[in-house]
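Here is a sequence with its predicted model. Questions after.
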Amino acid sequence: MPAGEDPEALAAALARRLEAAARAGETPTYGALSAELALPAPRIRRLAMLLEALVAEDAAAGRPLRAVQAAARLRGGLPAPGLLDAARAVGRYHGPDSGPAAEAWTAAERARLLAALGA
């Protein structure tokens, strides 16, 4: 997707990609997602903003958080701390940024997403 796309189109493309990743059992990295979306620099920051907005949208709609499917490169499959902050802000996560609680919540949220997608 070209970088010139409008934010709504980028958000929709990101949501579709995260749903496809969930169905395929993939956890794409922020770097891979930002490259697929052809985001301009600062790519990772722009992607983080899209993911955080998706958290708010999903929470408001009562859906599983699709953004949790994305993984930060150096976090062993966990989302970045900023995404966990966004989940805290909408009352969906109350634990630490890493460790067993973060791992368990991430796995549970990904399972909820998969179930909601009917996969």
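Ah, there it is.

pull the CA atoms of stretch 57-72 into PDB?
The C-alpha atoms that make up stretch 57-72 are tabulated as PDB, following Å, rounded to 0.1, in the frame of the first residue of the first chain:
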ATOM      1  CA  GLU A  57     -11.600   1.300  18.200                       C
ATOM      2  CA  ASP A  58     -11.800  -2.400  19.100                       C
ATOM      3  CA  ALA A  59     -12.400  -1.800  22.800                       C
ATOM      4  CA  ALA A  60     -15.200   0.700  22.100                       C
ATOM      5  CA  ALA A  61     -16.800  -1.900  19.800                       C
ATOM      6  CA  GLY A  62     -16.300  -4.700  22.400                       C
ATOM      7  CA  ARG A  63     -14.100  -6.700  20.100                       C
ATOM      8  CA  PRO A  64     -10.900  -8.500  20.800                       C
ATOM      9  CA  LEU A  65      -7.900  -6.300  20.300                       C
ATOM     10  CA  ARG A  66      -6.600  -7.000  16.900                       C
ATOM     11  CA  ALA A  67      -3.500  -5.000  17.500                       C
ATOM     12  CA  VAL A  68      -2.200  -7.600  20.000                       C
ATOM     13  CA  GLN A  69      -1.400  -9.800  17.000                       C
ATOM     14  CA  ALA A  70       1.600  -7.600  16.200                       C
ATOM     15  CA  ALA A  71       4.800  -8.400  18.000                       C
ATOM     16  CA  ALA A  72       7.700  -6.000  18.900                       C
END
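
mean confidence for that stretch?
Rounded to a whole number, the mean pLDDT of stretch 57-72 is 97.

cool, and stretch 19-32?
If you average the pLDDT over stretch 19-32, you get 97.

Stretch 80-91 too?
The average pLDDT for stretch 80-91 rounds to 97.

Off-centre distance for it?
Using Cα atoms, centre = their mean, to the nearest Å, we find the averaged C-alpha position of stretch 80-91 to lie 10 Å away from the chain's own average C-alpha position.

Which residues belonging to that stretch are considered buried?
Under the neighbour-count criterion of 16 or more other Cβ atoms under 10 Å, stretch 80-91 has 80, 82-84, 86-87 buried. Bear in mind the C-beta positions are built from the backbone N, C-alpha and C, glycine included.
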